[in-house]
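S.K.: with the sequence up front, the predicted model follows.
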Amino acid sequence: MRRSLLDGPVLEVAPKLLGMLVSSTTDEGTVVARLTEVEAYDGPNDPGSHAYRGETPRNAIMFGPPGFLYVYFTYGMHFCMNVVVGPPGKPSAVLLRAGEIIEGVELARARRGQPAVEKVAFNQAGVRQAGVRQAGVRQGPVVKRPKADPDRDLARGPARLCVALGIRGEGNGTDLLAKDSPIQLLRGPGFDGEPSTGPRVGLREAADRAWRFWIPGDPTVSPYRPHVPKRRA
């Protein structure tokens, strides 16, 4: 990945990240995710951006060069991660909302508290291959519909993506393009089609801007949830 590919307007860069890879290596091992959903945040031009009101210790990394990781803590429980884009001094970032785990699946399952998945063989008609015996009577194959992919939710949402990749606050400021970096943004299969667009998730400000991009039909894309104002009892 060349840094110049990220040094552009956020609304142009964001959809180009679809199909790219994020690789995270820790003492536990390596997990790689293929990005399927992102959101663009345009700094001072965007009331939904953390940089809308200027530079602070929290968002300082957004004001630097592109290709660095901006990690923040939200709701007192979740980490979310962004790729800084655009030239230095113009704080734009792309929130990585969801992805498909393509390497290190067992480690991602363990981090997400999911048990190992037992693989069951089905033929094309959805019939389980093994026969069943009951009360001494030989029966034919058991007809059973294959379940949805149990790994679909491993990184389906920005907080889940961070957990699956093992990314926490100490990852803030990581150079994603350095060859020796433990967290890297890599060229992947990409996405050559037309991305779907829609409003960003859970925003109170600028909620109507269609600055969320995702791969149409991909099962790992997170569900849309609008902002719900809190009501006093």
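M.R.: Everything's here; your move.
S.K.: in contact with the nearest residue to P9 once chain neighbours are set aside, which residues?
M.R.: Nearest in space to P9, with sequence neighbours left out and distances taken as Cβ to Cβ, 6 or more residues apart in numbering, is G86 at 6.9 Å. Placement of C-beta: from N, CA and C, glycine included. Each residue near G86 by Cβ atoms under 8 Å, 6 or more residues apart in numbering is listed here: L6, D7, G8, P9, V10, V13, G43, P66, S92.
S.K.: what does G86 show for phi and psi?
M.R.: Torsion angles at G86 (phi, psi; degrees, to the nearest 10) stand at phi 80, psi 170.
S.K.: please tell me how far it sits from F191.
M.R.: Separation of G86 from F191 (Cβ to Cβ, to the nearest Å): 21 Å.
S.K.: which of the contacts of G86 fall in strands?
M.R.: S92 (DSSP state E).
S.K.: nearest to Q184 among the contacts of G86?
M.R.: Nearest to Q184 among those is L6, at 13.1 Å by Cβ to Cβ.
S.K.: quick one, what contacts the nearest residue to that closest one once chain neighbours are set aside?
M.R.: In this structure, L6 finds its nearest non-sequential neighbour in P66, 3.8 Å apart by Cβ to Cβ, 6+ apart. By Cβ under 8 Å, 6+ apart, the residues touching P66 are R3, L6, D7, V83, V84, V85, G86, P87.
S.K.: which of those residues has the most neighbours?
M.R.: Among those, V85 has the most neighbours (other Cβ atoms under 10 Å), with 30 neighbours.
S.K.: okay, that one: pLDDT?
M.R.: pLDDT for V85: 98.
S.K.: could you do the one 4 residues further on as well?
M.R.: Note for G89: predicted pLDDT of 93.
S.K.: who touches stretch 207-217?
M.R.: Here stretch 207-217 has contacts from 11, 14-15, 18-19, 36-42, 46, 48, 97-98, 191, 193-201, 221, 224, 226-227, using Cβ under 8 Å, 6+ apart.
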